[in-house]
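*Asks:* here's my sequence, what's the structure:
(one chain, ligands or ions: 1)
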Amino acid sequence: MINKDIARVLISEEELSKIVSRVADEISRDYRDEDKRLVLLCILKGSIVFMGDLMKKLTVPVEIDCMRVSSYGSGTESSGQVNIVLDLIRPDLDSCDVLIVEDIIDSGRTLAYLTKYLLNKGVKSVRTCTLLDKPSRRAVEFTPDYVGVEIPDEFVVGYGLDYAERYRALPYVGILKPEVYSE
Ligand code: PRP
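*Replies:* As a prediction, the model looks like this:
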């Protein structure tokens with residue numbers, strides 16, 4: 001049954017599974033080189049669900065790690081500032097081929113910042129992967145290496161994405177009813 005606050009399902013559970021499989025195949029193909037040491041970097045919290053499903057579908061050895069950044073306030077608009085709340089701390093950064101895993105790219109600021117930040121920190125390589133991409137919302141130029149699907153500029157929740165910390169556990173990506181966030 002669809003949550004009462006959802007206007008409509010944008011991407012169903014079945015569609016998400018196919019999208020994640022396709023992205024996992026692309027990543028597995030690109031990282032099968034034995035010199036590469038793939039470290040999936042989950043950007044908490046929104047990427048948790050995508051990351052969990054993605055890692056299970058990879059056919060190459062993988063390590064995982066997490067960072068937490070915040071760029072949004074409690075509302076629907078980006079504040080434009082990227083803050084590192086939980087840093088990546090490990091002694092072997094220079095041998096890590098980091099693939100940043102995001103649930104969504106909006107302005108592009110988070111991934112543009114994180115890519116530079118990790119390279120400055122000394123990781124061997126950085127690529128980026130996002131489940132959802134809203135290219136119409138870019139404030140800075142940024143092109144991810146792997147994209148699940150491009151979506152229109154709608155307020156979406158579910159499959160890890162929240163509004164005021166709610167709806168992350170929905171198994172689909174849905175468009176939130178405007179009255180929920182304009183109350
Ligand atoms: C979201 C998303 C990205 C960022 C994308 O995180 O997970 O990290 O915003 O926006 P940008 O392209 O405009 O930078 P959010 O700050 O909502 O945190 P959350 O993942 O904990 O929900």
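*Asks:* what's near enough to touch Leu111?
*Replies:* Ile100, Glu102, Ile105, Thr128, Thr130, Phe142, Pro144 (C-beta atoms under 8 Å, 6 or more residues apart in numbering). Placement of C-beta: from N, CA and C, glycine included.
*Asks:* so which helix or strand takes in Val69?
*Replies:* Val69 belongs to strand 63-72 when elements are defined using DSSP states H and E.
*Asks:* okay, the contacts of Leu111 in a markdown table with secondary structure next?
*Replies:* Shown next, in a markdown table, are these (DSSP: H, G, I helix; E, B strand; the rest coil):
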| residue | secondary structure |
| --- | --- |
| Ile100 | strand |
| Glu102 | strand |
| Ile105 | strand |
| Thr128 | strand |
| Thr130 | strand |
| Phe142 | coil |
| Pro144 | coil |
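*Asks:* from these, which is closest to Pro178?
*Replies:* Here the nearest of those to Pro178, counting by C-beta to C-beta, is Ile105; it sits at 22.3 Å.
*Asks:* and the closest one, bridged to which residues?
*Replies:* Ile105 forms beta bridges with Asp133, as assigned by DSSP bridges.
*Asks:* measure it to Gly148 for me?
*Replies:* Separation of Ile105 from Gly148 (C-beta to C-beta, to the nearest Å) stands at 11 Å.
*Asks:* I'd say Ser70 and Asn83 touch.
*Replies:* Yes - assessed by C-beta atoms under 8 Å, Ser70 is found in contact with Asn83 at 5.1 Å.
*Asks:* check which helix or strand the closest residue to Ile64 other than its chain neighbours maps to.
*Replies:* Nearest non-adjacent residue to Ile64, counting by C-beta to C-beta, 6 or more residues apart in numbering: Leu40, 5.0 Å away. For Leu40, the host element (DSSP H and E) is strand 38-44.
*Asks:* show residues contacting that strand.
*Replies:* 27, 31, 48, 51, 54-55, 58, 60-69, 86, 88, 96-103, 110, 114, 118.
*Asks:* of the residues you listed, select the buried ones using a ChimeraX command.
*Replies:* Of those, the buried ones go into a single ChimeraX selection, burial set by 16 or more other C-beta atoms under 10 Å:
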select :27,31,48,51,54,55,58,62,66,67,69,88,96,97,98,99,100,101,102,103,110,114,118
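*Asks:* now, which of the contacts of strand 38-44 lie close to the ligand?
*Replies:* Among the contacts of strand 38-44, the residues lying close to the ligand (C-beta under 6 Å from any ligand atom) are Glu102, Asp103, Thr110.
*Asks:* not counting sequence-adjacent ones, nearest residue to the most centrally placed residue in the chain?
*Replies:* Closest residue to the average C-alpha location of the chain: Glu102 at 1.2 Å, with C-alpha atoms, centre = their mean. Nearest non-adjacent residue to Glu102, counting by C-beta to C-beta, 6+ apart: Thr130, 4.3 Å away.
*Asks:* thanks a lot, see you next time.
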